[in-house]
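Asks: Fold the following for me, if possible:
(chains A and B)
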Amino acid sequence: MADPATISPATLLKDELDIVIPTIRNLDFLEMWRPFFQPYHLIIVQDGDPSKAIKVPEGFDYELYNRNDINRILGPKASCISFKDSACRCFGYMVSKKKYIYTIDDDCFVAKDPSGKDINALEQHIKNLLSPSTPFFFNTLYDPYRAGADFVRGYPFSLREGVPTAVSHGLWLNIPDYDAPTQLVKPLERNTRYVDAVMTIPKGTLFPMCGMNLAFDRELIGPAMYFGLMGDGQPIGRYDDMWAGWCTKVICDHLGWGVKTGLPYIWHSKASNPFVNLRKEYKGIYWQEELIPFFQSVTLPKDCTSVQKCYIEIANQVKAKLGKVDDYFNKLADAMVTWIEAWDELNPSGASKSSDLPNGVSK
Amino acid sequence: MSLAIKDDEVDIVIGALRSDLTTFMNEWRPMFSQFHLIIVKDPDLKEELKIPEGFNLDVYGKPDIDQVVGSSTSILFSGYSCRYFGYLVSRKKYIISVDDDCLPARDPKGFLVDVVAQHISNLTNPATPFFFNTLYEPYAEGADFVRGYPFSLRGGVKCALSCGLWLNLADYDAPTQALKARQRNSRYVDAVMTVPAGSLIPISGINIAFEREAVGPALVPALKLAGEGKCRWETMEDIWSGLCVKVVCDHLGLGVKTGLPYIWRTDRGDPIASLKKEWEGVKLMEEVIPFFQSVRLPREATTVEECIVEVANAVKERLGSMDPVFARAAKAMLDWVKLWQSVGSSSSRSSAV
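Replies: I've put the predicted structure just below:
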C-alpha cells in the first residue's frame, strides 16, 4: 500500500469515502470546505421540516434525505432514527455504500495550523484511518507512524505492526465541546491550544466521542455507530455521539481494532445556547454516572465475532442492567436492535466485516 | 489551579555519568539554582566531578554509597542507576531527575521551557486515569473536561509521576535510531495527559519527576542488562522501573502523566555500536510487557512497599527461570524495599483503596 503521505490529497479515497452532514439550517459552510470536499460524494441528512428546501451549493455530488425519505426507506424501522437532533446523521451511515465515512457539523469550518496554513481535515482523517493503531501499549511519542516519529525505547517489537484503525476522532479550535454546566461557568473560554499529535486511545479506556469531526471505517465498525434516540419526544439530547462512542470503543476493544484521537482540528464557530443544552443534557448528567460503570464492565462473549453480534449483545445488557435506571433504556435497547436489523437490510451479505480475535494480541 | 510549591519541597537528582558537568549545570542554572540538588556520581566514573559554583547541592560518590547501603545489597547503583541512590537519601516531597546530557529546550515561541515548573504543575494537579479527556489535561489553562466526561470523575486522583519528553535526540532504541540515523524529534506537542488506568507505557528515565513520599519505593533500580552500558540505548532499567510504578499506581489509584515538559537531548553515542548490546534489552521486552500486563496485586497490598514485594515475587515466580537477569531483578527489588525502609525517610502513605 502506498504511503498516504505521498499521494495527492485530492485523490485519496475519492471513491471510497462519503461525507455525511446532518443539517436543519443551510449548507453555506460547504463553500469554505470546497477545495477539500468537492472530489467526494456527500450524503446530506436533512433534519426537521421535510417540506423546507435545503440548498446544496453548486458543484457538489450529493444525495439528500429528509424525514419523508427516511420513513419511506425504513418504514416502521424509521423509529430508531432521531428527529430534531443531529443524531439523525447515522441514517447517512446506513445508506452509504462506501468503505469510509467522514461526518462533520454544519457549523464547523476550516481551521489554520500554527503556521497559518489551512488544515485539510479530511486528508488527516484519511491518514489516521489508513495507518495502524497501537492500543496495547502507549507510545510516549504518540502516533509512531507519523513522519518524524517512531516507537520509543522499550516498545516491544511484536506490537509494532499495530492493528487496523476503525475510528479517527478529530478535535476543535475556538468553541470547545463543553457540556452545559461548563459552558455556563466559562462562556468566554476558547480552545486556542493546537496539540500537534494523533494518538491511539488505549484498549480498555473509554472516552467522550464527539461527532462534530469524526471519521471511521464503515465496513469495520459502521453498525456500532448508532447515535441513539435523541431529540423530539426523547428525554435526552447531546448524548448521541457519546453513546455511539462508548459502544464503538467497547466493540473495538473486543475485536482488536483501534480508535485514534487528536488531529485534525476544525474551527468550531457556533456556541449553542447553554440553557437549551442544559435542558437536553440534564438527565444525561445523572445517567452518565450509571452508564460509565456499565460500559467499563461490559464483557462480550468470545462468540461475538461480528460487530452486529457485539452490538446486539450490548443491547441485551442495556436492557438487563440499565432498564431499571429509566424506561428510556428499554426503548433505547429496542432501538439498537431495530438499527441493526435496518442496517443488515440495507447492507446485505457481509458489507460489514467480522473479525476473529487476533491471536495473542489482546490480553 | 496548581498549588504553590515551596522551594524546599523539591530535590533535583542528577546521576553523573560524565565528569564535566560545567555546561550542564550552567545551562540549567536559571531553573535549578533555587532548589537543592543531589548529584550522584556513577561509581564507575574515575575522574573527579567538575561542578560550577553557586548551587545548593550535595554530591555523593562510591564511598558514600558503600557506607550507606553496605555491601549486602544486590543493587548496583552504577551507571544510570546511580540516581536511585539520590532518591533514597532525599528528604524532599518531590524529586525531579534529568539525564546529564540534557539541556533546557525552547518552546515554539522561543521561550526556555522551565522543566521544574511544568513537572511540579503536573504533579500538583490531579490526574484523571479513569476516563480519557479528549482535550488532554483538563486542569491546564484554557482547557477543561469535555462534554460527556462524568462529573464524579472530575476531581481526579493524586498524580504520583510525571514523564517528560525530549526534543532533538528522542528516546528511541538502538535499532530504530540506527535505521533513522538523521531523524531528530522536532515536534513540540503542547499537551500533558494522564496515562489511563490499566494501560502500560514505556517510561523513560531521561526526564521524570515524582512525589517521593507517595511512590518513591516503586522506582526500583532492578533490571540490569548483562551488557548494560553508559548510553540509554544500552539500558532498560528505567523502562522496568516505570512498569513497576505504573502497575503500583493503577493498583493504589494514583495517576501517571506524560507529555510536557520537553528537554533538549544532546547528540551522543553511536546507535550502531550500541545495537550489539541492546538486542538483549529489546528481546527481554517481549517477555516483560506481557508479564506486567497480567500482574495482579492482591487487595491486601495497600502500601507501595507491599506492592513492590508482590511484584518482585511474581517476577521471581514467572520470569525467574526465563533469564537470570529477572531473578536478579526480583532480588534487587526486595533489597530496595528493605533499603527504603531502613534508609529512606518516612515510609509511603498508602492511598485509600
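Asks: make it CA atoms for all contacts and neighbour counts henceforth
Replies: Will do.
Asks: Tell me which stretches of the stretch 51-200 of chain A form strands.
Replies: Secondary structure of the stretch 51-200 of chain A (DSSP state E, counting those that start in this stretch): strands located at A:61-65, A:100-104, A:108-109, A:165-174, A:198-200.
Asks: got it, and chain B?
Replies: Assigned strands in chain B, in chain order: B:10-16, B:36-41, B:56-60, B:94-98, B:102-104, B:159-168, B:192-194, B:207-211, B:255-265 (criterion: DSSP state E).
Asks: mind checking how far residue B:239 is from residue A:189?
Replies: 39 Å (C-alpha to C-alpha, to the nearest Å).
Asks: now the top helix by length along chain A: mean pLDDT?
Replies: Counting residues, the longest helix in chain A under DSSP state H turns out to be helix A:274-297. The predicted model gives helix A:274-297 an average pLDDT of 94.
Asks: buried stuff in that helix?
Replies: Buried residues in helix A:274-297, counted by 16 or more other C-alpha atoms under 10 Å in any protein chain shown: A:274, A:277, A:278, A:280, A:281, A:282, A:284, A:285, A:288, A:291, A:292, A:295.
Asks: and which of those residues is nearest residue A:26?
Replies: residue A:277 (21.0 Å; C-alpha to C-alpha).
Asks: What spatial separation is found between that closest one and chain B?
Replies: Noted for residue A:277: a distance of 11 Å to chain B, by C-alpha to the nearest C-alpha, to the nearest Å.
Asks: Might you report the residue contacts of that residue?
Replies: Listed by C-alpha atoms under 8 Å, 6 or more residues apart in numbering or on different chains, the contact partners of residue A:277 are A:179, A:180, A:237, A:238.
Asks: I'd like to know how many residues surround the second one.
Replies: Just to be clear, that refers to residue A:180. Residue A:180 has 24 neighbours, counted by other C-alpha atoms under 10 Å in any protein chain shown.
Asks: does the lowest-mean-pLDDT helix or strand in chain B come close to chain A?
Replies: Every helix and strand in chain B was compared by mean pLDDT, DSSP states H and E; the lowest is helix B:271-294, with a mean of 85. Yes: using C-alpha under 8 Å from any C-alpha of the partner chain, helix B:271-294 reaches chain A at B:282, B:285, B:286, B:289, B:293, B:294.
Asks: need the contact list for the fourth one.
Replies: Listed by C-alpha under 8 Å, 6+ apart, the contact set of residue B:289 reads residue A:156.
Asks: I'd assumed residue A:260 was in contact with residue A:201.
Replies: Yes: between residue A:201 and residue A:260 there is a contact under C-alpha atoms under 8 Å: 5.9 Å.
Asks: rewinding a little: and the least confident helix or strand of chain B, how far from the chain's centre?
Replies: Between the centre of helix B:271-294 and the centre of its chain there are 18 Å (C-alpha atoms, centre = their mean, to the nearest Å).
Asks: One more: stretch A:239-254?
Replies: 9 Å.
Asks: With stretch A:237-252 instead?
Replies: 8 Å.
Asks: Might you enumerate the residues of the stretch 251-363 of chain A proximal to chain B?
Replies: Going by C-alpha under 8 Å from any C-alpha, the residues of the stretch 251-363 of chain A near chain B are A:261, A:262, A:285, A:288, A:289, A:292, A:363.
Asks: Show the backbone phi and psi for residue A:213.
Replies: phi -150, psi 80 (degrees, to the nearest 10).
Asks: which ones are touching the nearest residue to it once chain neighbours are set aside?
Replies: Leaving aside its chain neighbours, residue A:213 sits nearest to residue A:104 (4.8 Å; criterion: C-alpha to C-alpha, 6 or more residues apart in numbering or on different chains). Counting by C-alpha under 8 Å, 6+ apart, residue A:104 touches A:19, A:20, A:21, A:22, A:211, A:212, A:213, A:214.
Asks: Local confidence estimate at residue 177?
Replies: All of this refers to chain A. Residue A:177 is given a pLDDT of 96.
Asks: switch to chain B, that's the one I care about
Replies: Taking residue B:177 on its own, its pLDDT is 89.
Asks: neighbours around it, how many?
Replies: Neighbours of residue B:177 using other C-alpha under 10 Å come to 23.
Asks: And it, how far from chain A?
Replies: With C-alpha to the nearest C-alpha as the criterion, residue B:177 and chain A are 9 Å apart.
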